[in-house]
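1. Next comes the sequence, and after it the predicted model I'd like to discuss.
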Amino acid sequence: MEKIVFLFYKNISSVGGAEVLLFKHYNFLKKAGFSPKLICFKYKNTEISNVGNDDIIIASSIIGLTRLIIKFKPIYSFCHSGYIDFSIASLFSKNKFSTFIHHPTTMSFNETDKISIFFFKKYIKFARKDCMFQKIVDMKKKKNLYEMFYINLRALISQFLIRRSEKIFVLSNYAKKEKKEIFGIDSIALSGGIDKNKLITDVQPSNKILKDKYEFVTLSRLDKNKRIEVIIESLKILKDKNIDFNMNIIGIGPHEEYLKKLSESLGMTDHINFLGYLTKDKADYYLKAMDMFITIDWADYRITTFEILLYNKKLILSDETERDSWLDQSGYVKYSKPDPHSLSKRIFKHLNSSINCSNQDLENYLFNFQWDNYFQSINKHVELSI
C-alpha cells in the first residue's frame, strides 16, 4: 500500500531557498520509501526539481485541493507555502498537516499580520531596535482605511488557520522566539542546507587574499528583501578607493532592471555582471573562482551559507543573521550592518582576515546541516514512519 504524503506549495515560478527546501523534502521522502505528491496551483518546471511528472498535481482552486486530499487520502501533509489555502482545504478533508514558515514576519514587507491592531504593539516591543523597523512603520502609515480593514480581517483568519497546523517548523531560534512573543505560537526550530557532498579542498581560502583584482559573487532572487543595491553601493565605495574587482550577480527577479539602472548610474557596469539564472554547473564555475561570497539580504537564515562553505570560501552576511559561535570563531563568516559604508569596510577587512580552522573541522561542522539529518528530525516530530 502506498504511503502518500502531500507537499503543498501554492505557486512555483522560480527557484529560491524555499523552493530548494521543498524539492529536497520531496527527494528525501521518495528515497525513504514514501510516495510524495507535489501539489500546487501553478507550477513552472525547474532544472533542480527532480520531481517525477506523475508526482506533480495542479489543483485548480481550494475546492480542487480539498477534492485531491479526499481522493488520495495522504497519511500526512506538509504545507511549504500558502497555509491559508491549505488549512481551509484541510478543514473539509480532515487531513493532518504541518506548516513550514520560511521567513520571519519581522523580516518581511509582504507579511502584514504584524501591523494589524491585534499584534502591532507586540511587534513594536519585539522589533523596535531592528534596522528595518521604521520602514515597516512607515509602510503601515501609508495604508488607507480600506487596506487596514482588509489587513485586520486577514490577520484574524490567518492566525486561526495557522494554528490548525499540527506542527510549525521555522529555520532559526530567532524565528521561534518571534512567533511566540508576537503571535503566541509555539514552533520548532530546525535547519538544513547541504547534501552529502565533500568539501572542495583544492580551493581553500588563504588567510589573506592579496590580488590586483578580486572576484565577488552573490546569488539570490533579485527582490527588495535581498538588498543587493546595498552591495552595489558598497562596491562603488571600494572602487573609489582604487580597489579593482568583478561582482557576479547570479539570479533573476522583479528588482533586476532597477539594479541594472543603479549599476549604470554609479558607473559600475565594467565591474558588475548580471548573469541571470544559471544552472548548477555554470554557477559552479563562478563559485569556485570567487574570493568571497557576499549576501546582505534581510533574513535570519540562509541555505546558501552552508552551500558556499562547501566551496571553502569566505562569506559576508548581514548582522541580522542568527549567529553561530563556531562560525564566528572559524573565520569563514563575517557580519555587516546592511548599509554601504559598513559593508565596504567589512569586505576590505575580511579579504585580509584569517581562517582559524582546518578542512576537517569545517567538514565536521557541516555534517550537522545535511538534508537527510534535517528531514529525519522533521519526521520524528510528526511521528511519520514508513
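-> On my side now, so go ahead.
2. list the buried ones in the worst-scoring helix or strand of the chain on mean pLDDT?
-> For the chain, the helix or strand with the lowest mean confidence is helix 303-309, at a mean of 85 (criterion: mean pLDDT, DSSP states H and E). Buried residues in helix 303-309, defined by neighbour count with 16 or more other C-beta atoms under 10 Å: I303, T304, T305, F306, E307, I308, L309. Every C-beta, even on glycine, is put in place using the N, C-alpha and C of the backbone.
3. same thing with stretch 377-386?
-> I378, N379, V382, L384.
4. what residues are up against the nearest residue to K180 once chain neighbours are set aside?
-> With sequence-adjacent residues excluded and distances taken as C-beta to C-beta, 6 or more residues apart in numbering, K180 is closest to D186, at 6.6 Å. For D186, the contact set (C-beta atoms under 8 Å, 6 or more residues apart in numbering) comprises I168, K179, K180.
5. about what we covered before: for the record, mean pLDDT for whatever helix or strand comes next after the least confident helix or strand of the chain?
-> Scanning the chain past helix 303-309 towards its C-terminal end, the next helix or strand to appear is strand 314-318 (assignment: DSSP states H and E). With pLDDT averaged residue by residue, strand 314-318 scores 93.
6. tell me which strands and helices the helix or strand that strand 314-318 is followed by is in contact with?
-> Downstream of strand 314-318, the next assigned helix or strand under DSSP H and E is helix 325-330. Applying 3 or more C-beta pairs under 8 Å, 6 or more residues apart in numbering; DSSP states H and E, one finds that helix 325-330 makes contact with helix 359-367.
7. got the angle for the next helix or strand along the chain from the helix it packs on vs helix 359-367?
-> Reading on from helix 359-367 to the C-terminus, the next helix or strand found by DSSP H and E is helix 371-382. The directions of helix 371-382 and helix 359-367 differ by 30 degrees, with axes from the mean of the first three to the mean of the last three C-alpha atoms, to 10 degrees as the criterion.
8. most residues in a single helix of the protein, which one?
-> The single longest helix within the chain, with elements called by DSSP state H, is helix 145-162.
9. mean confidence score for that helix?
-> Rounded to a whole number, the mean pLDDT of helix 145-162 is 96.
10. Check which residues of it are buried.
-> I151, N152, A155, S158, Q159, L161, I162.
11. Nearest to D284 among these?
-> Checking the buried residues of helix 145-162 against D284 with C-beta to C-beta, the nearest one is I162 at 38.1 Å.
12. what about the residue lying closest to the closest one once chain neighbours are set aside, how many residues close to it?
-> With sequence-adjacent residues excluded and distances taken as C-beta to C-beta, 6+ apart, I162 is closest to Y83, at 5.7 Å. Using other C-beta atoms under 10 Å, Y83 is surrounded by 23 other residues.
13. thinking Y83 is in contact with L161, fair?
-> Yes: using C-beta atoms under 8 Å, Y83 is in contact with L161, at 6.4 Å.
14. Report the mean per-residue pLDDT for the helix or strand where N246 lies.
-> Counting by DSSP H and E, the element that carries N246 is strand 245-250. Strand 245-250 comes out with an average pLDDT of 96.
15. now stretch 125-135
-> For stretch 125-135, mean pLDDT rounds to 86.
16. Just the terminal-to-terminal distance for that stretch.
-> This stretch, stretch 125-135, spans 16 Å end to end (C-alpha to C-alpha, to the nearest Å).
17. Pull out the buried residues from it.
-> Using 16+ other C-beta under 10 Å, the residues of stretch 125-135 that count as buried are F126, A127, M132.
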